[in-house]
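S.K.: give me coordinates for this.
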Amino acid sequence: QVQLVESGGGLVRPGDSLTLSCTASRGNLEWYALGWFRQAPGKEREGVACITRTDRGTLYADSVNGRFTVRKDANMLTLQMKGLDTEDASVYFCAAWFSLARRCEPSDYDYWGQGTQVTVSS
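M.R.: Numbers count the residues shown, from 1 in each chain. Here you go, the predicted structure:
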């Protein structure tokens, strides 16, 4: 079992960049497929960027492709976000899935962090 802790959220202006981090307070992230998900008020949770357990294959939502970059290094997962706009404002969660599969569906992921708020406002 793994316990996840996100950090790095905050208030930014449109066009700014921000990097989120996720670490394991218990367990080892090397054993898991990992992902970033977000949920805005009144909306369903959606996959933003995911990375596989072994070959570092990545998946991105169309809305963030080219602007966001997910990385997995040692026991940390990061999400580098560039060109943020108001549509990106949300609570961002990292999640882990004990699987070799390459999917970015929230229902597949077993372990979740508490979330970190990203607010984009001028």
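S.K.: so where do the strands sit in the chain?
M.R.: Counting by DSSP state E, one finds strands in the chain at the ranges 3-7, 10-12, 18-26, 33-39, 46-51, 58-60, 68-73, 76-81, 90-97, 111-112, 116-120.
S.K.: residues touching the second one, excluding its own?
M.R.: Yep, that's strand 10-12 we're talking about. Residues from elsewhere that reach strand 10-12 (C-beta atoms under 8 Å, 6 or more residues apart in numbering): 18, 84, 117, 118, 119, 120, 121. C-betas here are computed from N, CA, C, even on glycine.
S.K.: one step back: okay, the strands of the chain in CSV with distance to residue 103 next?
M.R.: Shown next, in CSV, are the strands of the chain (distance: least, C-beta to C-beta, whole Å):
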stretch, distance to residue 103
strand 3-7, 18
strand 10-12, 29
strand 18-26, 18
strand 33-39, 8
strand 46-51, 7
strand 58-60, 7
strand 68-73, 14
strand 76-81, 16
strand 90-97, 8
strand 111-112, 15
strand 116-120, 23
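S.K.: could I have the buried ones of the contacts of strand 10-12 as ChimeraX selection syntax?
M.R.: Selection of buried members from the contacts of strand 10-12 for ChimeraX, criterion 16 or more other C-beta atoms under 10 Å:
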select :18,84,118,120
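S.K.: nearest to residue 56, of the contacts of strand 10-12?
M.R.: Checking the contacts of strand 10-12 against residue 56 by C-beta to C-beta gives residue 18 as the nearest, at 22.1 Å.
S.K.: now do the contacts for the nearest residue to residue 32 once chain neighbours are set aside.
M.R.: Using C-beta to C-beta, 6 or more residues apart in numbering and skipping residues adjacent in sequence, the residue nearest residue 32 is residue 96, 3.9 Å away. By C-beta under 8 Å, 6+ apart, the residues touching residue 96 are 2, 4, 29, 32, 33, 34, 35, 109, 110, 111.
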